[in-house]
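> here you go, sequence then predicted model.
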Amino acid sequence: MGGPIEVSGDVSAAASALAGLILVYLGAVIGNFSGFDAPERGAVKARYQWRAWFAFVGLILCLLAVALGLVAKWLGIAGLGVGALFTLLLALVWIGAIAVIAIREMR
């Protein structure tokens, strides 16, 4: 098993893939919101906007993990590699929360 620097590339790849999944979810949220007629959008705007912002935070966490992982690998800084891993783990927990919230909101 490699150390933080060796794993940083894998962390960056995983975070990039997760960011792509979040973009798909974000696109679905925006597409669903756009499907409402203009008068109905006012009633559902808060709910969809909250979902979109929550997903955006997860996207930022993923991009931060990618950046930390790449810089750690490039400069050989183990501390940044560890930071990238923990940021990815936080993003995974965040995505799990997004899934649970989406399931609980189905009525």
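Noted; the coordinates are in hand.
> elements contacting the helix ranked longest in the chain?
Among the segments of the chain that qualify as a helix by DSSP state H, the longest is helix 38-75. If you count contacts as 3 or more Cβ pairs under 8 Å, 6 or more residues apart in numbering; DSSP states H and E, helix 38-75 packs onto helix 4-34, helix 78-105. For the C-beta atoms, the positions are set from N, CA and C on the backbone; glycine is no exception.
> so what does the longest one touch, helix or strand wise?
Here helix 4-34 touches helix 38-75, helix 78-105, going by 3+ Cβ pairs under 8 Å, 6+ apart.
> please apply the same query to the last one.
Contacts defined by 3+ Cβ pairs under 8 Å, 6+ apart place helix 78-105 against helix 4-34, helix 38-75.
> any idea how far the longest one is from the chain center?
The reference is to helix 38-75. The chain centre lies 6 Å from the centre of helix 38-75; the measure is Cα atoms, centre = their mean, to the nearest Å.
> for the helices and strands packed on helix 78-105, give me TSV that also has mean pLDDT, distance to Gly96 and mean neighbour count.
Formatted as TSV, those follow (pLDDT from 0 to 100; distance: least, Cβ to Cβ, whole Å; neighbours: other Cβ atoms under 10 Å):
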stretch	mean pLDDT	distance to Gly96	mean neighbour count
helix 4-34	94	11	17
helix 38-75	93	10	16
